[in-house]
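*Asks:* Provided below are the primary sequence and the corresponding predicted coordinates.
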Amino acid sequence: MYLDVADSAVLPYGWSRFANFNLAVLNQLDPKLNVRKDTQHQFTARESDWGFTSFMSLHDLYDPHRGYLVNDTLIVEADVNVRKMADYWAYDSKKETGFVGLKNQGATCYMNSLLQTLYHIPYFRKAVYHMPTTENDVPSNSIPLALQSLFYKIQYTETSVSTKDLTKSFGWDTYDSFMQHDVQELNRVLCEKLEDKMKGTAVEGTIQQLFEGHHMSYVECVNVDYKSTRKESFYDLQLDVKGCKDVYASFDKYVEVENLDGDNKYHAEQYGLQDARKGVLFSDFPPVLQLQLKRFEYDFARDVMVKINDRYEFPLELDLDRENGKYLSPEADRTVRNLYMLHSVLVHSGGVHGGHYYAFIRPTLSDQWYKFDDERVTKEEVKRALEEQYGGEEELPQMNPGLNNTPFRFTKYSNAYMLVYIRQSDKEKVICNVDEKDIAEHLRVRLKREQEEKERKRKEKAEAHLYTIIKVASDDDLAAQVGKEIFFDLVDHDKVPGFRIQKQTLFKAFKEEIAKELGIPVECQRFWIWAKRQNHTYRPNRPLTEFEELQSVGYLKESSNKAYNAELKLFLEVNRSKDQRLPQRPPDRAKDDILLFFKLYDPIKEEFRYVGRTFVKASGKPREILERLNEMAGFSPNQEIDLFEEIKFDPTVMCEPIDKNSTFKACQLEDGDIICFQKSTSDEQIAACRFPDVPSFLEYVHNRQVVHFRRLEAPKEEGFFLELSKQHTYDDVVERVAVELNVDDPSKIRLTAHNCYSQQPKPQPIKYRGVDRLSDMLQHYTQVSDILYYEVLDIPLPELQCLKTLKVAFHNNRTEEVSVLSIRLPKQSTIGDVINEIKGKVELSSEHAELRILEVFYHKIYKVFNANEKIENINDQYWTLRAEEIPQEELQMGPNSRAIHVYHFARDPNQNQLLQNFGEPFFIVVHEEETLATLKERIKKKLQVPDDEFSKWKFAFVSLGRPDYLHDSDVVASRFSKRDPYGAWEHYLGLEHADTAPKRSHQTNQSRHVYEKPVRIYN
């Protein structure tokens, strides 16, 4: 969803508007579920729209129970705040604070806040500088070099810094830069990637030294001498916000002891079921402590993720040795003083579907705080970084206190999301000095060169008012461009040599410079002024007068071309001797002389070129110059030729025949006009040529479009290309594609348009004859693509459009994928009809077996479809549809049993808090008093896992991404709520083991789009 400047086409040249804005899709049942995202942008003619490539899930939007689309009505709200340029952009962050900001690429504020935090940990910055890179590395392909370059620029430049090289080094495209992610997730993925890149270098282990701590999980029996412990590392801690007053309360909850007694006794080796205490204590804390606040939780009542905006306090000094070291394990080193000082507060402003990130940082742990908000850095008081980021509610002051009216209270949606503390005893080590000697020589040279180039451009820009750029086009430029780079008008001035001349320089001095540069004596030069005509063509209009040639170049620019005075554009008329070697003085020009330019067209070779110019008398007739034109073309003197005037080409081509017997004046020809000519053609020649005359050729050139066609199943692979016309109809296009693919029936070709922002296919294909012209297929908002995707169908598209096609993966009772079925039914069919269709295509365990269809996404089950549900609105572009037999144990499930979700997962080898689901999820029935030991045997039998491999598996109750490991004696059913089990996808039994399965070649249709992708760094 995008915000566009509707009148951008009619605004004056050079317009710009800066705006903060938010867009919202309103929930008509519960305002708390409104989807709202905000951003900011400098709107210009080149970037007149800005917004969000992925705003919300279409699955949620179309779901009638969600409340967004009610009675075919969708309510979209836009809140736009346009600022004056002077208010915002005049501010100099470096001058005011000594620091610079980072540019936002679209939705990268979350990344900017994290990068500023990491940069201002000097020990981390020094380690990045010491990562080995070479002068041959390219920043956009090397994460270490890109990060070094970014940090160097933050440290030494005067203006805000771009992060594009860094995101390119991540392997991200524009689509990723418009996709907002979670800052906590990016932190983990980036640190993991850097840790990997640091291996085998002088800075190996830096990430661990700074951020790694350890905690010990334990279960201790009360009545017998038995204790089980497991030590694990962490790079950050996730602290509960809900129900906790402050950080200390969260730590208290973290180490809270759970009593295992009654029906929940612990099964201890050798001792059987025992009363026990279970908990976590910390073995050691890292020098830099990263606390991730759990501001987002799953609301079971509403079945949605919600943001917790409750008030949550955090101190400037955090004492984790409090109350005689209550958080520390017995073997912890008590000589280390765990007193921490607050270094950074990362803030999230907005709701669960998106928002804005910024950071409050005190770089040297002094009393001065700074706010890093993308490009803008400001000094802030400590209250702004602390109290105002606690969240909770705020009360507006009463306007009329005497009226005793109830004060207005509102929820603060901006609050702390991540905290970074530095241990006081490690302050000198972490907040170390970092200067140029820490930076590799090749990096300093490279970045110094970049800065010098940037400074040169800045200086040119600053001095631009003192200079005039003069573009001088000559016959050589016209001959080099016409028929190759351009076909209409005479020259592309951007590709013409330019001269940067001080405005006060006299024009006659400029002519002397031209004489030196081009070898054309001053007396042989005659300059013409170019002019833009009302029909949008650009032609030489008149020669400079003697008076004008005595003036300065600045005067000429201002007086001769006021509407288009960015540059002074001139045509240099040079006349040469018959052998074309020596320049001659220009002939005297009479009042009725007209300067005409000539292009030659060859219909057989389809070639078009510039052949020269000449003066004619207004009273003369075209037939009088035919011999001269034949000489220019290299034809015999008596060759019959046809003449056409090239009049205009925007928005349509106008090229009309010239009457050879009328006067030039009667033909309305004037200085700068273009005559195109060709040999006269016979009827046989006309039939043999695609474009027999100049008008048809120019029409073709104006509308021709090279289109790249790719298979929809492989949208990143290059396919084939066709040269088409923008005016081609839908039928024309599919016919050409069918010929290329050797398909007999063009109606079996289905096309899908290209999304210029995501660089992927659009979610929905083009309907049969759903657009009039090729130009409509390629248009995407204000941009034009040259890519289309194709499929070859097994039935004609008009017939297919009356049907609904679903891709359903059929799985056996071991959860293995057996086959992927394409089910095609009338749109009014139900899930029950799909199931009946599947039964006829797969082998079942028995003729009485019952099937169900599940909705699976990222290795989790989100829905079990009702048999009566219509298939028309089911979207298999985003989710995997899976069919399976319903196990007998579920069909015969008693009142005290329940089905639970079971998912496979692996933990990050370096950062234990990060869970990655994989494999095929499934349901299993658990009985009321069933222990894990019994359930494990049933799972092993179901999945047929060998004993030696299964013995390595761990089992955990996972809630909102956090695992709680189970013991064989644990009663599994007690962990799961009795609500509808099929919807409780965020609480599951996790099977932790290595992902050894080969990667599947099948991936539903998620190649089209994925609404919410996890953070990935590809390189």
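*Replies:* Looks like it came in fine. Numbering: from 1, shown residues only.
*Asks:* OK, contacts around Ser48?
*Replies:* Contacts here follow C-beta atoms under 8 Å, 6 or more residues apart in numbering; on that basis Ser48 touches Asp4, Val5, Ser8, Thr782. C-beta here means a position set from N, CA and C on the backbone, and glycine is covered the same way.
*Asks:* which of those fall in strands?
*Replies:* Per DSSP state E, strands hold the following members of those: Asp4.
*Asks:* quick one, which of the contacts of Ser48 are buried?
*Replies:* Listed as buried from the contacts of Ser48 are Val5, Ser8; burial here means 16 or more other C-beta atoms under 10 Å.
*Asks:* nearest to Pro139, of the contacts of Ser48?
*Replies:* Nearest to Pro139 among the contacts of Ser48, counting by C-beta to C-beta, is Thr782 at 30.1 Å.
*Asks:* so that closest one touches Asp49, yeah?
*Replies:* Yes: counting by C-beta atoms under 8 Å, Asp49 is a contact partner of Thr782 at 6.1 Å.
*Asks:* now the common contact residues for these two.
*Replies:* Counting by C-beta under 8 Å, 6+ apart, the residues touching both Thr782 and Asp49 are Asp4.
*Asks:* so which residue of the protein lies furthest out from the middle?
*Replies:* Asn638 (63.0 Å; C-alpha atoms, centre = their mean).
*Asks:* can you give me the separation between it and Phe649?
*Replies:* 32 Å (C-beta to C-beta, to the nearest Å).
*Asks:* picking that back up, which residue packs closest to the residue farthest from the centre of the chain, ignoring adjacent ones?
*Replies:* Nearest in space to Asn638, with sequence neighbours left out and distances taken as C-beta to C-beta, 6 or more residues apart in numbering, is Asn630 at 7.7 Å.
*Asks:* with just CA atoms, put whichever strand or helix holds the one you found into PDB.
*Replies:* Here Asn630, judged by DSSP states H and E, is contained in helix 626-633. Coordinates of each C-alpha in helix 626-633 appear next as PDB, following Å, rounded to 0.1, in the frame of the first residue of the first chain:
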ATOM      1  CA  LEU A 626      16.300  15.900 -55.000                       C
ATOM      2  CA  GLU A 627      19.700  15.600 -56.700                       C
ATOM      3  CA  ARG A 628      21.400  17.000 -53.600                       C
ATOM      4  CA  LEU A 629      19.600  14.500 -51.400                       C
ATOM      5  CA  ASN A 630      20.500  11.600 -53.800                       C
ATOM      6  CA  GLU A 631      24.200  12.800 -53.500                       C
ATOM      7  CA  MET A 632      23.900  12.700 -49.600                       C
ATOM      8  CA  ALA A 633      22.500   9.200 -49.800                       C
END
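*Asks:* quick one: list the elements packing against it.
*Replies:* The contact analysis (3 or more C-beta pairs under 8 Å, 6 or more residues apart in numbering; DSSP states H and E) places helix 626-633 against strand 593-602, strand 607-617, strand 641-648.
*Asks:* okay, those, which one's buried deepest?
*Replies:* strand 593-602 (a mean of 20; mean count of other C-beta atoms under 10 Å).
*Asks:* quick one: strands adjacent to that strand?
*Replies:* strand 607-617 (antiparallel), strand 674-679 (parallel) (DSSP bridges).
*Asks:* how far off centre is it?
*Replies:* Once both centres are worked out by C-alpha atoms, centre = their mean, to the nearest Å, strand 593-602 turns out to sit 49 Å from its chain's centre.
*Asks:* quick one: that strand to strand 641-648, angle?
*Replies:* 110 degrees (axes from the mean of the first three to the mean of the last three C-alpha atoms, to 10 degrees).
*Asks:* can I get strand 593-602 as CSV, trimmed to CA atoms?
*Replies:* In CSV, the C-alpha atoms belonging to strand 593-602 read as follows (Å, rounded to 0.1, in the frame of the first residue of the first chain):
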residue,chain,number,x,y,z
ASP,A,593,17.1,30.8,-46.0
ILE,A,594,15.8,27.7,-44.0
LEU,A,595,18.2,25.2,-42.4
LEU,A,596,16.8,21.6,-42.9
PHE,A,597,18.2,18.3,-41.5
PHE,A,598,17.9,15.0,-43.4
LYS,A,599,17.5,11.4,-42.4
LEU,A,600,17.6,8.4,-44.8
TYR,A,601,15.5,5.2,-44.4
ASP,A,602,16.2,1.9,-46.0
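*Asks:* which residues sit against it?
*Replies:* Under C-beta under 8 Å, 6+ apart, the answer for strand 593-602 is 478, 482-483, 490, 528, 540, 573, 607-618, 629, 632-633, 646, 664, 669-679, 693-694, 697.
*Asks:* mind listing what Val138 touches?
*Replies:* Val138 makes contact with Leu145, according to C-beta under 8 Å, 6+ apart.
*Asks:* picking that back up, any chance of the contacts of Ser48 in JSON lines with distance to His993 and pLDDT as columns?
*Replies:* Formatted as JSON lines, these follow (distance: C-beta to C-beta, whole Å; pLDDT from 0 to 100):
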{"residue": "Asp4", "distance to His993": "50", "pLDDT": "89"}
{"residue": "Val5", "distance to His993": "54", "pLDDT": "89"}
{"residue": "Ser8", "distance to His993": "56", "pLDDT": "81"}
{"residue": "Thr782", "distance to His993": "50", "pLDDT": "83"}
